[in-house]
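[1] everything below, folded, please.
(one chain, ligands or ions: 1)
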Amino acid sequence: MTATVASDTQAAARARDVWKVYGTGEAQVVALRGVSAEFERGRFTAIMGPSGSGKSTLMHCLAGLDAVTRGTIEIGDTTVTGLGDAGLTKLRRDKVGFIFQQFNLLPTLSAKENILLPLSIAGRKPDQAWFDTVIATVGLGDRLGHRPSQLSGGQQQRVACARALVSRPEVVFADEPTGNLDSRSGAEVLGFLRRSVAEYGQTIVMVTHDPVAASYADRVVFLADGQIVSELVEPTPETVLDTMKKLDGAAEAGH
Ligand SMILES: Nc1ncnc2c1ncn2[C@@H]1O[C@H](COP(=O)(O)OP(=O)(O)OP(=O)(O)O)[C@@H](O)[C@H]1O
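    Sure thing, here's the model as predicted:
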C-alpha cells in the first residue's frame, strides 16, 4: 500500500525515490524505502506515522541536515543531493527555516537578537516592515528585550517561529514544535504557523504525533515502515485519528 503523492510543479520541496539506510550488516536499518513526495508552495503539510516510521529521517533529508542513501531531494529549484558542505550551509542559511521541539534559542541573547541571528550570520539586513509584521503576528512586541529564561515555553517557541520566518525561507521545517508545550500555548503556536501560510504564503512541513496539531495542516502524509502509505487533505483530528488507527491495525496484522 504505497502511495505516491501527486505531481505538482509548484513544489517548494520534493523527494524522489528517497532511500535512507543507517549502519551496515546486522546493524543495518532501512529508515526510508523509496519515498516520493511533493510539498506544495504556500501549503502546510504534516508528516505523521508510528514511532520509528521514518518521519524525522525524512524531514532531516528534505532539509539537507542528513544525506540520503539513494534518490533526490529538491528545495525550490536547488537539487540538495549532491551539494557539498559549502552548498549545504548556504542552502540551510538561505532557503530553509527550522523550528525544533526544544526551541534551541541562545540563552545569552534577547528575543530580538535570537530572531535576527540567522540573518546577521548571513550578513543580511532584515526587511523592517516584514520584521514588524512577524513580531505583531506572534504577539511578541513587548517581549523583544527579554532573554529566553524570562519567557514562557510558549513565548520561547513563538520567538523560534519568528526566527524561522523572518528570512522568508522557501520552506520552514518544524519538528514536533508543540511537543513541549501545554495545549493552550501549542494552539497559539499552531495558529501562528497556520496564519503564516494562509496570509503570507509560507510553506511549512511539520512532523507531529498529535492529531490535533496535524489538523492545522492542509494535508497530512502518513509514513509507516519507511514508506508513504496514506494521505489526507483538509484533515480533522477525527480523520487523522481514524487513519492512525487503521495504520496501527495494518501494522499489527502484518506482524
Ligand atoms: N542515526 C541513526 N542510526 C541508526 N539508526 C537510526 C538513526 N536514526 C534513526 N534510525 C532508525 O531509523 C528508523 C527511523 O527513525 P526516525 O527517527 O526517522 O523515526 P520517527 O518516525 O521520526 O520516530 P519517532 O516518532 O520515534 O521520533 C528507526 O528504526 C530508527 O531507529
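[2] only C-alpha atoms for contact and neighbour calcs from this point on.
    OK.
[3] next to the ligand, which bits of the chain? Give me the list.
    Proximity of the chain to the ligand is assessed by CA under 6 Å from any ligand atom, with 22-23, 29, 31, 50-57 identified as the residues in range.
[4] which residues of the stretch 101-250 of the chain fall in helices?
    Counting by DSSP state H, counting those that start in this stretch, the stretch 101-250 of the chain has these helices, from start to end: 111-121, 128-138, 153-165, 183-198, 211-214, 237-254.
[5] tell me what the second one is packed against?
    Think helix 128-138. Taking 3 or more CA pairs under 8 Å, 6 or more residues apart in numbering; DSSP states H and E as contact, the helices and strands that helix 128-138 lies on are helix 153-165.
[6] any idea how many residues pack against the spatially closest residue to residue 189 that is not a sequence neighbour?
    On the basis of CA to CA, 6 or more residues apart in numbering, the spatially nearest residue to residue 189 that is not a chain neighbour turns out to be residue 158, at 6.2 Å. Applying the criterion other CA atoms under 10 Å, we find 29 residues in the vicinity of residue 158.
[7] residue 158 contacts residue 187, doesn't it?
    No - the pair residue 158 and residue 187 fails to qualify as a contact (CA atoms under 8 Å) at a distance of 11.3 Å.
[8] let's see which of the residues of the chain next to the ligand end up in helices.
    With helices defined by DSSP state H, the entries of the residues of the chain next to the ligand inside them are 55-57.
[9] most neighbours, which of the residues you listed?
    residue 55 (30 neighbours).
[10] return the per-residue confidence for the residue nearest the centre of the chain.
    Centroid-nearest residue in the chain, with CA atoms, centre = their mean: residue 173, separated by 2.3 Å. On pLDDT, residue 173 comes in at 96.
[11] remind me which residues of the stretch 51-200 of the chain are low pLDDT?
    Applying pLDDT under 70 to the stretch 51-200 of the chain flags no residue at all.
[12] does residue 35 touch residue 224 like I think?
    No - at 10.9 Å, residue 35 does not count as touching residue 224 under the criterion of CA under 8 Å.
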